[in-house]
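K.L.:
take a look and give me a structure for this.
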Amino acid sequence: MHVSKTASSAPNRRRLFARTASTVIALATAGVLLSGCAASSGTTAASGEDADYGKLTVQLSWVKDVEFAGEYFADSKGYYKDAGFSSVNLVAGPGATEALVASGKALVGISDPVSAAPAIVNEGAPLKIIGTTYQKNPFSIVSLADKANILKPADLVGKRIGVQAGNETLFKALLTVNKIAESDVTIVPVEYDPSPLTSGDVDGYFGYLTNEAVTLENQGYKVANLPYADNGLPFVTESFEVTDDSIKNHRPELEAFLYATIKGWKDAIADTEGSADLAIDNYGKALGLEREKEVKQAEATLPLISTDETDANGLFTISDSLIADNIATIAASGVTITADKLFDMSLLADVYADHPELLK
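P.N.:
Alright, predicted model coming up:
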């Protein structure tokens, strides 16, 4: 990540397996009262009519850059307020999202299935994913086009790949699904800054299509990408994680959140310049974000968010086939879980049934 102005020297939120799972289960008490959300007033879910859900707290997965433009639009345009929330607290990450959601400190946390599954399986954390922003994860092995030029899994053989400590398991899963022996690749420990790639210390770098790759291109480098999603590890990310208790006892609030956030992301998709403005001038103002990078990052996320399936079924939906792909990816990482233990798409189905105009 660009270290000069983007706060990317902070701990990497692409941490997937670097959780302290015991913290999750310790905080996940049965019937926990959601501190960031008032009791439902009994109004129609997501309508906002006479609803009083109190304060909405959302734990973001990363710092307040353009990545959360949909949430910024939903807040700044009053969609959350119209849906029944008196105020909104978008909490910057990175953080122990599973623990924070399980403890009731956030109604919703933005995470991913590969992070949620170990907490559920290994520690019994009462969590579910109810939708996702990214249909395709942006993980990639980033390389320089005029040097290693890693474009297919076979290109990894004989290369030095920079991988952060919290991401080694996922990188090894990439090798496994592509039948590449770990001994055929040299894993080089790196931090969360791609400078080892430009200095020649590594041939490839575990990064994001929408972050490190964009940063390097802005610095004048020609970049090659080996996307995980297109090479055996298709899983969603920037997913909305909630507790089983909130699904049971705070369903109207969750549906109101989904309704307002869908509206926000429809605006963000239609206005990448405006997305960058909200991040730079408002929500991420303290970070000193660079406009060119934020605009390019917003543009780079569009094909990850809006697909043929979301055009047909709506933003945040996850098809049955994509859920199956996620379960297979998680299995490749060493965790076995069934779809019903990880996903609950019924809330989103209710939102679209009540608000078919969102599909337009």
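
K.L.:
ok, residue 147 - contacts?
P.N.:
With Cβ atoms under 8 Å, 6 or more residues apart in numbering as the criterion, the residues that contact residue 147 are 200, 203. For glycine as for every other residue, the C-beta is placed from the backbone atoms N, C-alpha and C.

K.L.:
offset the numbering so it begins at 31, please.
P.N.:
Okay, using 31 as the starting number, the last item reads as residue 177.

K.L.:
how close does it sit to residue 253?
P.N.:
11 Å (Cβ to Cβ, to the nearest Å).

K.L.:
and if you look at residue 279?
P.N.:
From residue 279 to residue 253 the distance is 47 Å (Cβ to Cβ).

K.L.:
more neighbours: the two, which one.
P.N.:
Neighbour totals were compared for residue 279 and residue 253, and residue 253 leads with 22 against 17 (other Cβ atoms under 10 Å).

K.L.:
phi, psi of the more buried one?
P.N.:
In terms of degrees, to the nearest 10, the main-chain angles of residue 253 are phi -110, psi 140.

K.L.:
tell me which helix or strand comes right after the least confident helix or strand in the chain by mean pLDDT.
P.N.:
When each helix and strand of the chain is scored by mean pLDDT, DSSP states H and E, helix 51-57 comes last, with a mean of 39. Going down the chain from helix 51-57, the next helix or strand is strand 84-89, by DSSP states H and E.

K.L.:
and that following strand, which residues are buried?
P.N.:
Buried residues in strand 84-89, counted by 16 or more other Cβ atoms under 10 Å: 84, 86, 87, 88, 89.

K.L.:
I'd like the distance between the last one and residue 138.
P.N.:
This points to residue 89. 7 Å.

K.L.:
who touches both of these two?
P.N.:
Common contact partners of residue 89 and residue 138 (Cβ under 8 Å, 6+ apart): residue 131.

K.L.:
in terms of pLDDT, where does residue 75 sit?
P.N.:
Residue 75 carries a pLDDT value of 49.

K.L.:
next one: residue 198
P.N.:
87.

K.L.:
tell me how many other residues crowd it.
P.N.:
16.

K.L.:
distance from the chain centre to the longest helix along the chain, please.
P.N.:
Criterion DSSP state H: the longest helix present in the chain is helix 281-300. Distance of helix 281-300 from the chain centroid (Cα atoms, centre = their mean, to the nearest Å) equals 15 Å.

K.L.:
residue ranges with poor pLDDT in this structure?
P.N.:
The chain contains residues with pLDDT under 70 at 31-79.

K.L.:
let's go with 50 and repeat that
P.N.:
Filtered on pLDDT under 50, the chain yields the residue ranges 31-75.

K.L.:
domain-wise, how is it divided?
P.N.:
51-165+265-389, 169-260 (automatic domain parsing).

K.L.:
show me where the stretch 181-330 of the chain has its strands.
P.N.:
Taking DSSP state E, counting those that start in this stretch as the test, the strands found in the stretch 181-330 of the chain are 190-193, 216-219, 234-238, 253-257, 267-273.

K.L.:
pick out the residue nearest the middle of this structure.
P.N.:
residue 268 (1.7 Å; Cα atoms, centre = their mean).

K.L.:
check which helix or strand covers the closest residue to that residue other than its chain neighbours.
P.N.:
Nearest residue to residue 268, sequence neighbours excluded (Cβ to Cβ, 6 or more residues apart in numbering): residue 163, at 3.8 Å. Using DSSP H and E, residue 163 sits in strand 157-164.
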